[in-house]
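Student: I need the structure of the sequence given here:
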Amino acid sequence: MDALFNLLEVGFPIASALAGGFFVFLTLRFILDGALSDIKTQRGFVKGLDDRIKTMNNELVRIDSMINHVFNLKPDLDRLSRSDGQKDARKD
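Tutor: Numbers count the residues shown, from 1 in each chain. Just a heads-up that it's a prediction; the model follows:
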């Protein structure tokens with residue numbers, strides 16, 4: 001009975017506007033929750049690709065160093081210094 005009294009007091013247009021606003025809020029929250037889960041999935045993909053790039057870089061430096069050692073060539077110190085201190089991203 002109290003809800004009916006409040007509805008009569010503030011008027012039907014205001015009550016319907018509040019109900020419509022709540023519906024818009026629920027719709028936006030549903031859409032943004034779906035977008036957030038997609039963003040988290042894409043973040044995982046990007047992190048995996050970044051790990052692969054780091055691993056490939058480490059492997060290239062290792063292969064380059066071995067080739068330089070086998071053929072008695074001067075190693076590329078710039079490449080070695082750029083990769084120094086980076087952790088290996090392999091999972092093995």
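
Student: can you tell me the closest non-neighbouring residue to Pro75?
Tutor: Asn68 (4.6 Å; CB to CB, 6 or more residues apart in numbering). All C-beta spots, glycine's among them, are computed from the backbone N, C-alpha and C.

Student: tell me which helix or strand comes right after the longest helix along the chain.
Tutor: In the chain, assigned by DSSP state H, the helix with the most residues is helix 12-70. Counting by DSSP states H and E, the element after helix 12-70 in chain order, helix or strand, is helix 77-83.

Student: contacts for that next one, please.
Tutor: 57-58, 61, 64-65 (CB atoms under 8 Å, 6 or more residues apart in numbering).

Student: run through this structure and note the low-pLDDT ranges.
Tutor: Scanning the chain with the threshold set as pLDDT under 70 gives 1, 84-92.

Student: rerun at 80
Tutor: Residues of the chain that meet the criterion pLDDT under 80 lie in 1, 3-10, 12, 15, 76-92.

Student: any idea which residue is closest to the centre of it?
Tutor: In the chain, the residue lying closest to the centroid (CA atoms, centre = their mean) is Arg43, at 2.4 Å.

Student: residue contacts, that one?
Tutor: Here Arg43 is in contact with no residues (criterion: CB under 8 Å, 6+ apart).

Student: any idea how far it is from Val61?
Tutor: Per CB to CB, to the nearest Å, Arg43 is found 27 Å from Val61.

Student: equivalent analysis for Val46, please.
Tutor: Going from Val46 to Val61 by CB to CB gives 23 Å.

Student: more crowded one of the two?
Tutor: Neighbour tally, Val46 and Val61, criterion other CB atoms under 10 Å: the higher count belongs to Val61, 18 against 10.

Student: counting neighbours, what do you get for the closest residue in space to the more buried one that isn't next to it in sequence?
Tutor: Distances taken as CB to CB, 6+ apart place Ser83 nearest to Val61, at 4.8 Å, with adjacent residues excluded. Neighbours of Ser83 under the rule other CB under 10 Å: 15.
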